[in-house]
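Novice: Here is a sequence together with a model predicted from it:
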Amino acid sequence: MAMTKAERKEFEDVRNELRIYRALRWTAPVAPDVPKPAGGTSRETSGYVFNAYSRCVDPAWSTCVSHGLRKKTRDGSGSQNGIALYSTELLAYKGMRAAMELRFAHELAVIDDKIRELSGGDVP
């Protein structure tokens, strides 16, 4: 039996709510698993990094003195200091999710503190 337009909308609304509720969970932190190259070596490592503010994961490189993104031209320029990288894009996304959970939890705690202060009691 086919759903009416109203039933389809209600179904999609419930589906979206469920998706949002399922996203509200704590996951274990994921640390980069490709270590920064040791000092005094000319070795370059490859992997992935995330940017939680732009919510993107990019291929990257690192040496003991600098690092940068692969999508940029590799001409020897990069940011200072070597960094640890994630070996796979999947691990980088998992790391970003855990980092963003913590960031948003801190932001919500600040809001809860303000609500508590203004209401003189607990946050509902």
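Specialist: Done, it's in.
Novice: Need phi/psi at Tyr93.
Specialist: With angles defined as degrees, to the nearest 10, Tyr93 sits at phi -70, psi -40.
Novice: ok, and the closest non-adjacent residue to it?
Specialist: Leaving out its chain neighbours, the residue that sits closest to Tyr93 by Cβ to Cβ, 6 or more residues apart in numbering is Val57, at 5.6 Å. Bear in mind the C-beta positions are built from the backbone N, C-alpha and C, glycine included.
Novice: what about the one you found, which helix or strand?
Specialist: In this assignment (DSSP states H and E), Val57 forms part of strand 56-62.
Novice: in its sheet, what does that strand sit against?
Specialist: strand 45-51 (antiparallel), strand 66-69 (antiparallel) (DSSP bridges).
Novice: Quick check, central residue of the protein?
Specialist: The residue lying closest to the centre of the chain (Cα atoms, centre = their mean) is Met96, at 1.9 Å.
Novice: What pairs with the worst-scoring helix or strand of the chain on mean pLDDT, parallel or antiparallel?
Specialist: Sorting the helices and strands of the chain by mean pLDDT, DSSP states H and E puts strand 79-80 at the bottom, at a mean of 86. Its sheet considered, strand 79-80 pairs with strand 66-69 (antiparallel) by DSSP bridges.
Novice: Specify the local secondary structure of Gly40.
Specialist: The three-state assignment at Gly40 reads coil, by DSSP: H, G, I helix; E, B strand; the rest coil.
Novice: gap between the residue lying closest to it once chain neighbours are set aside and Ala84?
Specialist: Sequence neighbours aside, Cys64 is the residue nearest to Gly40 in space, at 7.0 Å (criterion: Cβ to Cβ, 6+ apart). Counting by Cβ to Cβ, to the nearest Å, the gap from Cys64 to Ala84 is 12 Å.
Novice: Give the intersection of the neighbour lists for the two.
Specialist: Residues touching both Cys64 and Ala84 by Cβ atoms under 8 Å, 6 or more residues apart in numbering: Lys36.
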